[in-house]
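Enquirer: Curious how this folds, go ahead:
(one chain, ligands or ions: 2)
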Amino acid sequence: MEATTFVLFGATGDLAKRKIYPALYNLFVDQKLPQSFSVIGLGRRELSDETFQANVEQSLRMFSRREANDPAILKNFLQAFRYSVLDVGRKEDYQKLLQLIEQREEELRLSPNRMFYLSVGPEFFETIAANIQESGLGSANGWKRLVIEKPFGHDLQSARDLNQKLSKAFAEHEIFRIDHYLGKPMVQKLEVLQQSNPVLQALWTNRYIANVQITANETVGVEERAGYYDHVGAVRDMFQNHMLQLLMMLAIHLPNNSTSENVRLNKKMVMESLEPLQKEDVISHIVRGQYGAGTIQGKPVVGYTSEPSIAETSRNDTFIAAKLRIDDYFWRGVPFYIRTGKRMNEKSTRIVIEFKEPFKQSSWANDDSKMPNLLVFEISPNEGITLQLNTRDPQHRGEFKPIQIDFHASGDDVPEAYENLIHDALHGDPTFFAHWDEVELSWKWVQPILEAFEENLVPLHLYAAGTYGPAESDALLAKDGYHWWFDAKPEQEIKNKKGELYAYHPNN
Ligand SMILES: NC(=O)C1=CN([C@@H]2O[C@H](COP(=O)(O)OP(=O)(O)OC[C@H]3O[C@@H](n4cnc5c(N)ncnc54)[C@H](OP(=O)(O)O)[C@@H]3O)[C@@H](O)[C@H]2O)C=CC1
Ligand SMILES: O=C1O[C@H](COP(=O)(O)O)[C@@H](O)[C@H](O)[C@H]1O
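Expert: Numbering: from 1, shown residues only. Ligands and ions are numbered 1, 2, ... in the order given. Next up, the predicted model:
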């Protein structure tokens, strides 16, 4: 891998501590960082290099998936780190930064390849990009890349404006827009699984699939992020980016040996084929919710409008469920249901593919003991794939009995999303980053929803914390004769149509 200088804006911030340093450390231990590597951390507060290194070390102790207790490894890792004070608006700070980078490049004999990681608020993205260009930081005789965190815009127009400004300083192939869901190992496997398994390729069509359900449930509430979250809601925070990226990754059809270009083109095609929503259709396709008081894992929690720094009158959405259709050859007629919410019953991100009724034409058609075939991708917190099949149960007069074929990855060996993404950005591999075309098409699809919410054309349903969202979310599927799979019943059991228990909830 080519020698690189990793320039981190926001080096004293929460994301850097919780995700970026642990990811760099784990890549270092796995020998996946360039042999010659320099990190320059930036922030407004004054820190010596030693204090900065000590802070990084502390973040590893708190957040790294691997213990950081080997002094020799730690020393080698931390010696790459330097700190410089930089206020994003102060031009002289960029000159100081340039001098420091050049000095380190000379000391370490690094080629001037520079990766600028913007782990700062979105209000700074444009200014930083412009200053990188103006100061000459990006014009050395090597490559330059810009890694940019979410949110990428607040709506369609602001996203377009931001992109236009960034593109004055960086070309599209130099911009790596982070969507950390694309870094999750199971999401990355979706592409490989489909490409390398003819059995899945054959099934990936409306001929066999009845519906697809994509869920990202969280148990946490708004936490300390009121200032940000109350302006974005679930629709911008999760749906426009992470959930639509999951939809694209699931729905693409890829040629064998596909390249990152194929992935991007196919994702774009999925978004272009999404049936657009008109503002007046939002009410029949989208459910918006907000959590009220309730109980999470046995503990009482307050409702959204009683959370610190949230106005009592807030009508912000903390839950969204949607029904979408992809109007193309493969998916025409297959509804995609998506939901995400805070303060839900459990933390789980999963995709469930429900296959069509297998015995429609057979003499078993009216046998209620059979279940549909399901293919389940558990994305987080546990990673796994389950295929549910029907078999006969000799113990019970030969009724159908679902069996599940399971693969589950073991926790410690699974790299964190940020490890995968930083590794790919260092390699210049854009496959698992959001291309501008996808971002623009996502905002375009979501725009009527934003407007309908703004104009209050859609009711805001309250749901009790610790549930699976408002009843209207269940009704969205029930209208089509479906239900959300794997929502734990109060007693955490899953029963068949005859009311017989056939499985416990997967997270129990
Ligand atoms: N935290 C998270 O879990 C996630 C965060 N993100 C995104 O990552 C980005 C960073 O978030 P997070 O780390 O939580 O934010 P924090 O508020 O914790 O950190 C912000 C960082 O920006 C620096 N900063 C603030 N103002 C300036 C300025 N004028 N000039 C230079 N540096 C400045 C701060 O340093 P100092 O105070 O020293 O100036 C600090 O290092 C945001 O875009 C956020 O949306 C995305 C996903 C998850
Ligand atoms: O981007 C975000 O994602 C997290 C959820 O991520 P996960 O990896 O824990 O599923 C969410 O809590 C946060 O609000 C959002 O900004």
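Enquirer: Identify the residues contacting the spatially most central residue of the chain.
Expert: The centre of the chain sits closest to residue 181, judged by Cα atoms, centre = their mean, with a distance of 2.3 Å. Going by Cβ atoms under 8 Å, 6 or more residues apart in numbering, residue 181 touches 187, 241-242, 245-246, 349, 379, 417. Where you see a C-beta, it was placed from the backbone N, CA and C, and this is true even at glycine.
Enquirer: confidence score at whichever residue of the chain sits closest to ligand 2?
Expert: Distances between the chain and ligand 2 by Cβ to the nearest ligand atom are smallest at residue 237, namely 4.7 Å. Residue 237 is assigned a predicted lDDT (pLDDT) of 98.
Enquirer: Output the contacts of residue 181 in a markdown table, with secondary structure, pLDDT and neighbour count appended to each entry.
Expert: Listed next are the contacts of residue 181 as a markdown table, based on DSSP: H, G, I helix; E, B strand; the rest coil; pLDDT from 0 to 100; neighbours: other Cβ atoms under 10 Å:
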| residue | secondary structure | pLDDT | neighbour count |
| --- | --- | --- | --- |
| 187 | helix | 96 | 26 |
| 241 | helix | 98 | 25 |
| 242 | helix | 98 | 22 |
| 245 | helix | 98 | 21 |
| 246 | helix | 98 | 28 |
| 349 | strand | 97 | 23 |
| 379 | strand | 96 | 22 |
| 417 | helix | 96 | 22 |
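Enquirer: Return only those of the residues you listed found close to ligand 2.
Expert: residue 349 (Cβ under 6 Å from any ligand atom).
Enquirer: What is the most widely separated pair among the contacts of residue 181?
Expert: In terms of Cβ to Cβ, the contacts of residue 181 reach their longest pairwise distance at 241 and 379, which sit 14.9 Å apart.
Enquirer: so residue 230 makes contact with residue 222?
Expert: Yes - when contacts are counted by Cβ atoms under 8 Å, residue 230 is listed as touching residue 222 (7.4 Å).
Enquirer: which residue sits closest to residue 178, ignoring its sequence neighbours?
Expert: Using Cβ to Cβ, 6 or more residues apart in numbering and skipping the chain neighbours, the partner closest in space to residue 178 is residue 149 (5.4 Å).
Enquirer: could you point out the longest helix in this structure?
Expert: Longest helix in the chain, counting residues (DSSP state H): helix 436-454.
Enquirer: What residues of stretch 268-285 count as buried?
Expert: Buried residues in stretch 268-285, counting neighbours by 16 or more other Cβ atoms under 10 Å, are found at 268, 270-271, 273-274, 277, 282, 285.
Enquirer: Over to stretch 298-318?
Expert: Result for stretch 298-318 [16+ other Cβ under 10 Å]: buried residues 301-305, 307, 310, 314, 316-318.
Enquirer: Identify those among those residues that sit within strands.
Expert: In this view, those that belong to strands under DSSP state E are residue 301.
Enquirer: how much space between residue 277 and residue 56?
Expert: 45 Å (Cβ to Cβ, to the nearest Å).
Enquirer: For residue 163, list the residues it contacts.
Expert: With contact set as Cβ under 8 Å, 6+ apart, residue 163 has these partners: 152-153, 436, 439-440.
Enquirer: next one: residue 41
Expert: By Cβ under 8 Å, 6+ apart, the neighbours of residue 41 are 8, 11-12, 16, 47, 52, 56, 81-84.
Enquirer: Doesn't it belong to a helix?
Expert: No - looking at residue 41 with DSSP: H, G, I helix; E, B strand; the rest coil, it is strand, so not inside a helix.
Enquirer: circling back to that earlier point, surely the residue nearest to residue 178 meets residue 14?
Expert: No - at 11.3 Å, residue 149 does not count as touching residue 14 under the criterion of Cβ under 8 Å.
Enquirer: Distance check, the closest residue to residue 305 other than its chain neighbours against residue 225.
Expert: Nearest residue to residue 305 in three dimensions, chain neighbours excluded: residue 312, at 5.0 Å (Cβ to Cβ, 6+ apart). Separation of residue 312 from residue 225 (Cβ to Cβ): 18 Å.
Enquirer: Now the closest residue to residue 126 other than its chain neighbours: which helix or strand?
Expert: Nearest non-adjacent residue to residue 126, counting by Cβ to Cβ, 6+ apart: residue 165, 4.4 Å away. Assigned by DSSP states H and E, residue 165 belongs to helix 156-169.
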